[in-house]
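Participant: Structure for the following, please:
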Amino acid sequence: MMKEIEDLEKMLDTMIENYRKLKEENRELWSKVKQLNEKILVLEKEKEQLEKTLENHKRSLNTLVEKIQRFLSFTANQEMIQDEEESER
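Facilitator: Here you go, the predicted structure:
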């Protein structure tokens, strides 16, 4: 009977030790999950900022293209006027 009690005590001690280890592992894993969630939030904010920057650059480039097109159109019109004036002479 004593042997059985000792075996039960050992088994119980092993279970308690396993529980402690699992509890610590669980705590560490939850800590990692929390860190990863925080990292996700930071990356999402960075992504939003990059998207805003990209949109601003797109608008700037579109404005620049429009100005260049107007300039080229104006220059082409000026050349046509000069050609007409020269041909009239």
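
Participant: Helices of the protein, start to end?
Facilitator: 2-88 (DSSP state H).

Participant: in it, which ranges drop under the pLDDT threshold?
Facilitator: Applying pLDDT under 70 to the chain flags residues 81-89.

Participant: So what's the residue count around E25?
Facilitator: Each residue near E25 was counted by other CB atoms under 10 Å, and the total is 10. (Each C-beta comes from the backbone N, C-alpha and C, glycine too.)

Participant: Distance check, it against S31.
Facilitator: 11 Å (CB to CB, to the nearest Å).

Participant: Also L50?
Facilitator: L50 is 29 Å from S31, by CB to CB.

Participant: Likewise for L12?
Facilitator: 29 Å.

Participant: do the same with M80
Facilitator: On the measure of CB to CB, M80 and S31 end up 73 Å apart.

Participant: go on, K47?
Facilitator: 25 Å.

Participant: do R70 as well
Facilitator: 59 Å.

Participant: what's the answer for L41, then?
Facilitator: For L41 relative to S31 (CB to CB), the value is 16 Å.

Participant: likewise T63?
Facilitator: 49 Å.

Participant: and what of N18?
Facilitator: 20 Å.

Participant: neighbouring contacts of stretch 60-67?
Facilitator: The contact list for stretch 60-67, computed with CB atoms under 8 Å, 6 or more residues apart in numbering, is empty.

Participant: One more: stretch 11-21?
Facilitator: Nothing outside stretch 11-21 qualifies as a contact, by CB under 8 Å, 6+ apart.

Participant: Off-centre distance for it?
Facilitator: 43 Å (CA atoms, centre = their mean, to the nearest Å).

Participant: can I get the CA coordinates of that stretch in PDB?
Facilitator: Presented in PDB, the C-alpha positions along stretch 11-21 are these (Å, rounded to 0.1, in the frame of the first residue of the first chain):
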ATOM      1  CA  MET A  11       2.800  11.000 -10.300                       C
ATOM      2  CA  LEU A  12       1.100  14.000  -8.700                       C
ATOM      3  CA  ASP A  13       4.500  15.800  -8.400                       C
ATOM      4  CA  THR A  14       5.200  15.100 -12.000                       C
ATOM      5  CA  MET A  15       1.800  16.400 -13.000                       C
ATOM      6  CA  ILE A  16       2.300  19.600 -10.900                       C
ATOM      7  CA  GLU A  17       5.700  20.100 -12.500                       C
ATOM      8  CA  ASN A  18       4.300  19.600 -15.900                       C
ATOM      9  CA  TYR A  19       1.500  22.100 -15.100                       C
ATOM     10  CA  ARG A  20       4.000  24.700 -14.000                       C
ATOM     11  CA  LYS A  21       6.100  24.200 -17.200                       C
END
